[in-house]
Structures are given as C-alpha cells and as structure tokens.
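In: coordinates only, no sequence provided:
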Ligand SMILES: [Zn+2]
C-alpha cells in the first residue's frame, strides 16, 4: 500500500493530474506494466532530465551546445521569433511555415508571480541583435495581460537595436496560448504580423 501511495504522490505532482488519476496511473504502473516497460519509462525520465540542455543561442531544448534549429543552415538567421517558452515554439514548429529562428524568453513578465525582466533572457536577445545579422524581430507573446506587458517592454528595450520589430497579429483570441491554437490560427497570426514602430514614428 505504501509503495502504491508513494508512486501516486509522484504522479500527483504533474500538472493536470489529480489524486484520483494519480492513483489510477500508479496502479497501472505497478500492476499492469511489464518490468521492461517500467524500466524504459523510468529511464526516459532520468535520462531526459540528465541530458537536457538549453541551446546557447536561442535557449530552446538541445542535446549539445546548439539546438537543431540553430544548427540548420536552411533556417533564416535574419528573422527571430520571440516566444515565452518551449511549448509556444513547438506550436509554431508544428505549422512548418516559419523558416526563421527563435528566442525563448523563459516566461513572461508578471508582477503577480514576481517575474521581472531580470528573470527573462532579454539581455541575451539584445546581444543577438547587436551581432548584426538580424533584420526582423517578431514578438510572439500572446495577448494576455502578461503577454502584452512583455511585448511592450521588449519593444522599448529593443528600440535602439536597429532592427524591424513586429508583433504577431491580434487575430488570436485574447487570453489564448499558441499551444492550444490550431495550426491555421498560429500561421495566420505570424503571417499577419504588424510593424510595431510604424504608428509611433508617424504619430
Ligand atoms: Zn537554438
């Protein structure tokens, strides 16, 4: 019984898994899975965690210093799509339409959760822009309160970098996350991106 509840407690730590589901999963592992399957499962957890690295350039997942996208010579170095986290990156990659590179911020600004600019990879983004190859930065943060604050903060911070700054279109539902949008909506949001500076310079 103790083994079962201990394992259930571990499943219960996962997002979206309540105590009942956790118990059902633990029961399944202990009573229905073969020892071989359990070994593969456990190894996937420990190996995955041990070998996980972040790309030194874009901070996506990598199994070395650089991620597969940064290593790919066919991806345009001139366009960087800034996303909050790896889940948003994966949602865009799934569409297959974006051929540029990424910058993973590591979250969004949130006074409530005490996430300030120092917690995000904004300095690193500025460094990339200063290197001079980038023509356009697309702000890919979603239109939630945090996403908006982050986009405006970035626009302010990147203004002097001399690159075009655009924002994914407001056509995406307010409060939405790229992760939960269909490929068509994500694709449209990127294709219909708007120049952030145009209005200000004229006005
Ligand atoms: Zn990378």
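Out: Cool, got the structure. The shown structure was predicted, so the numbers you read here are calculated from the model rather than taken from an experiment. Residues are numbered from 1 along each chain as shown.

In: tell me where this protein has strands.
Out: Along the chain, counting by DSSP state E, strands occupy 53-54, 61-62, 79-83, 101-104, 136-139, 164-167, 194-195.

In: residues making contact with the fifth one?
Out: Think strand 136-139. Outside of strand 136-139, the residues within contact range by CB atoms under 8 Å, 6 or more residues apart in numbering are 78-82, 100, 103, 125, 129, 151, 154-155, 158, 161, 163-168, 190, 193, 196. (C-beta placed from N, C-alpha, C; glycine too.)

In: kindly recompute the last result at 7 Å.
Out: Strand 136-139 is contacted from outside by 78-82, 129, 151, 154, 158, 163-168, 190, 193, using CB atoms under 7 Å, 6 or more residues apart in numbering.

In: residues near the nearest residue to residue 146 once chain neighbours are set aside, how many?
Out: For residue 146, ignoring the flanking residues on the chain, the nearest one in space by CB to CB, 6 or more residues apart in numbering is residue 108 at 3.9 Å. Residue 108 has 22 neighbours, counted by other CB atoms under 10 Å.

In: what number of residues lie near the residue nearest to residue 38 when sequence neighbours are not counted?
Out: In space, and not counting its chain neighbours, residue 38 is closest to residue 29: 6.2 Å by CB to CB, 6+ apart. By other CB under 10 Å, 17 other residues sit near residue 29.

In: one step back: in CSV: the strands of the chain, plus mean neighbour count and mean pLDDT.
Out: Shown next, in CSV, are the strands of the chain (neighbours: other CB atoms under 10 Å; pLDDT from 0 to 100):
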stretch, mean neighbour count, mean pLDDT
strand 53-54, 14, 92
strand 61-62, 18, 93
strand 79-83, 24, 97
strand 101-104, 25, 97
strand 136-139, 22, 96
strand 164-167, 20, 93
strand 194-195, 13, 86
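
In: minimum distance to residue 69: which of the ones you listed has it?
Out: Between residue 69 and the strands of the chain, the shortest gap by CB to CB is with strand 101-104, which sits at 6.1 Å.

In: anything in the closest one near the ion?
Out: No - using CB under 5 Å from the ion, strand 101-104 stays clear of the ion, coming no nearer than 6.8 Å.

In: check contacts around the nearest residue to residue 88 once chain neighbours are set aside.
Out: Nearest in space to residue 88, with sequence neighbours left out and distances taken as CB to CB, 6+ apart, is residue 178 at 4.3 Å. Shown in contact with residue 178 (CB under 7 Å, 6+ apart): 88, 91, 92, 142, 186.

In: didn't the third one look like it was pressed against residue 186?
Out: Yes - counting by CB atoms under 7 Å, residue 186 is a contact partner of residue 92 at 5.9 Å.

In: ok, residue 74 - how many residues close by?
Out: Residue 74 has 6 neighbours, counted by other CB under 10 Å.
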